[in-house]
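pasting the structure only:
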């Protein structure tokens, strides 16, 4: 029955990945087209969108909006939002980045680098809190059932009695609650 399972998984996975790939490429190319139009507007008129100083902020907002729109559209259509965002990012880097002004290129580099650093720090913090929560729960569960670790290797150990799983003395441990 393994071939049937593989067909089922491929049947569920392929449309989600291909849809996300298509949306990522579509929104990446749409963002490239829009930034190209902003570039033409900036070059044709010296003060296009409200002055030369406002154009890099507008370009950066446009790039970030395309990324958010890609993720949202992929998730709403039940595709992989992460995969759509990844493909959009690759397409944006290849086609859109060169349409941005030099200042907008620098700003986008620093903006997305800061965003990636914040995401990495948040993930590390959540993993640390989750690990601490789990270890605290485990220690409390051991104390409830009367098993505590000896404080030193030379401390006397109690003889261990192993109850059978069907006996009432075998404690059922509650599942840990990870509340963030």
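In hand now; what should we look at? Remember, predicted model here, so these are calculated numbers, not experimental data.

Now residue 41: which helix or strand?
helix 2-44 (DSSP states H and E).

what about that helix, distance to the chain center?
17 Å (Cα atoms, centre = their mean, to the nearest Å).

Which helix or strand lies directly C-terminal to that helix?
helix 55-76.

So which elements touch that next one?
Other elements packing on helix 55-76 under the criterion 3 or more Cβ pairs under 8 Å, 6 or more residues apart in numbering; DSSP states H and E are helix 2-44, helix 81-91, helix 102-144. For glycine as for every other residue, the C-beta is placed from the backbone atoms N, C-alpha and C.

Give me the angle between the helix holding residue 41 and helix 55-76.
In terms of direction (axes from the mean of the first three to the mean of the last three Cα atoms, to 10 degrees), helix 2-44 departs from helix 55-76 by 160 degrees.

Around residue 65, how many other residues sit close by?
Residues within reach of residue 65, counting by other Cβ atoms under 10 Å, total 13.

distance of it from residue 80?
20 Å (Cβ to Cβ, to the nearest Å).

try residue 63
According to Cβ to Cβ, residue 63 and residue 80 sit 21 Å apart.

neighbour-wise, which of these two wins?
Higher neighbour count among residue 63 and residue 80: residue 63, with 24 against 21, using other Cβ under 10 Å.

For that one, list the residues it contacts.
Contacts here follow Cβ atoms under 8 Å, 6 or more residues apart in numbering; on that basis residue 63 touches 31, 35, 92, 96, 100, 108.

what's the most buried one of the helices and strands packed on helix 55-76?
Highest mean neighbour count of the helices and strands packed on helix 55-76: helix 81-91, a mean of 20 (counted as mean count of other Cβ atoms under 10 Å).
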